[in-house]
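> Sharing a model prediction with you, sequence too.
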Amino acid sequence: MENIYDAIVIGGGPFGIATVVEAKRKGFQNVLLLEKGDNHSQTIRKFYKDGKRVDKVYKGLDSDTKGSVEFFDGTKESTLNYFDKLLDDGKIDALFNCEVEGIKKTGEIFDVHTAKGSFKTKYVMIGIGKMGKPNKPEYKIPPSLNQVVNFNLNGCNCGEEILVVGGGNSAAEYAVELSKCNKVTLCYRKEKFTRLNEINETSVFEYANAGKLKLKLGLDVVGLDNENGLVKVNFNDGSSQIYDRIIYAIGGSTPVDFLQKCGIEMNSDSQPILDENLQTKTLGLFVGGDIASRTGGSIVVALNDAHKVISYIIK
Ligand SMILES: Cc1cc2nc3c(=O)[nH]c(=O)nc-3n(C[C@H](O)[C@H](O)[C@H](O)COP(=O)(O)OP(=O)(O)OC[C@H]3O[C@@H](n4cnc5c(N)ncnc54)[C@H](O)[C@@H]3O)c2cc1C
């Protein structure tokens, strides 16, 4: 007989990991985690700089874990080790390099389609985050600048003149880190930072006051040109400046196409329509973590979403 899983969880980030772990701890026998990347936690691996401080209290969001998966302040590396251990100790069945292409429900059972074949299950939880599609500016980026127009720190060197664009914690952390061995400017379209946590705000102004980081506040980028292989950045006050590299840290967006392909109804703000237990209009199909959040999300919010879904199913 064909194997029917109790639950399949799509996306091996904090939501997916906590969901499979909680599910097994609560008695689900047969649970599978499917992850597109070659390991779990691709957002943390690709977008957190090495050694990054990982804050449990993030952006002022819920910071108390409600379920059996706890969380602690740490670093990128300690967080990844912690998630490794959760998966190992929980003896979780996980398939990496396994991108889910869509799901379909027939009767009571879902078919989860991947390039590696289809899997059958009673419940599906989707936690694929928003950073698979980092936000890009509306103006066109000249393709010839692709190597020096980046959305994370991979590929950055020392001794460069770099513009970081964004006003959130990621932009602040990138700018401070890069300032240690580069000439960095942080550009934010608003006059003031309103979304930074205390530590990041303090570091940004410490570095700026010490002349190690230049701030361009209340100024927006309106276009880029290639100037002999360098990035000519045009600002909305009519000025322009040349940089070796530009890094956008302006968040990510909901993977609307994927969710619609899974038959999930979206509201006019392109948010999945969910009930208070994070269930979509299709019974047995849940969404959690960043893609369920209107406020951007955090690791603790993702862990608590996992707890909410599993507790509801158990009940
Ligand atoms: C630079 C940066 C710094 C941050 N710092 C902090 C912090 O200090 N503290 C904090 O609490 N939060 C922080 N956050 C936010 C935190 O990382 C997110 O809220 C959290 O990772 C969301 O977890 P998630 O499981 O919803 O999604 P994600 O972590 O984005 O995981 C989604 C996973 O799904 C996989 N996936 C995508 N599509 C598919 C598919 N079709 N099939 C299978 N798998 C798929 C992806 O590869 C990925 O591994 C930070 C975010 C960024 C970008």
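That came through, no problem.
> Helix, strand, or coil at the residue most central in space within the chain?
Nearest to the mean C-alpha position of the chain, by Cα atoms, centre = their mean, lies residue 131 at 4.1 Å. Three-state call for residue 131 (DSSP: H, G, I helix; E, B strand; the rest coil): coil.
> Could you check the pLDDT of it?
pLDDT recorded at residue 131 is 94.
> and it, how far is that from the ligand?
5 Å (Cβ to the nearest ligand atom, to the nearest Å). (C-beta placed from N, C-alpha, C; glycine too.)
> Would you mind confirming that that residue makes contact with residue 250?
No - checked against Cβ atoms under 8 Å, the pair residue 131 and residue 250 is beyond contact range at 11.4 Å.
> For residue 90, list the residues it contacts.
20-21, 24-25 (Cβ atoms under 8 Å, 6 or more residues apart in numbering).
> One more pass at 10 Å, please.
17, 20-25, 31, 33, 69 (Cβ atoms under 10 Å, 6 or more residues apart in numbering).
> how far does whichever helix in the chain runs longest sit from the chain's center?
Longest helix of the chain, by residue count under DSSP state H: helix 299-314. Using Cα atoms, centre = their mean, to the nearest Å, the mean C-alpha position of helix 299-314 is found 18 Å from that of the whole chain.
> what's the answer for stretch 114-126, then?
On Cα atoms, centre = their mean, the centre of stretch 114-126 falls 22 Å from that of its chain.
> quick one: is it near the ligand?
No - Stretch 114-126 does not reach the ligand (Cβ under 6 Å from any ligand atom); its nearest approach is 7.4 Å.
> And stretch 304-315, by the same measure?
No - counting by Cβ under 6 Å from any ligand atom, the ligand is not contacted by stretch 304-315; separation bottoms out at 7.7 Å.
> Buried residues in that stretch, which are they?
304-310, 313 (16 or more other Cβ atoms under 10 Å).
> Just the closest of the residues you listed to the ligand, please.
residue 305 (7.7 Å; Cβ to the nearest ligand atom).
> got the end-to-end distance for stretch 269-286?
End-to-end distance of stretch 269-286: 19 Å, with Cα to Cα, to the nearest Å as the criterion.
> Enumerate the residues of the stretch 151-300 of the chain near the ligand.
170, 258, 289-290, 297-300.
> Neighbour count says what about those residues? Which are buried?
170, 258, 289-290, 297-300.
> Which residues are in contact with each of residue 131 and residue 250?
Contacts common to residue 131 and residue 250, judged by Cβ under 10 Å, 6+ apart, are 151, 170.
> Quick one: residues contacting the closest residue to the ligand within the stretch 151-300 of the chain.
Residue nearest to the ligand within the stretch 151-300 of the chain: residue 289 (2.1 Å; Cβ to the nearest ligand atom). Applying Cβ under 10 Å, 6+ apart to residue 289 gives the contacts 11, 13-16, 18-19, 43, 125-130, 278, 297-299, 301-306.
> Perfect, that will be all.
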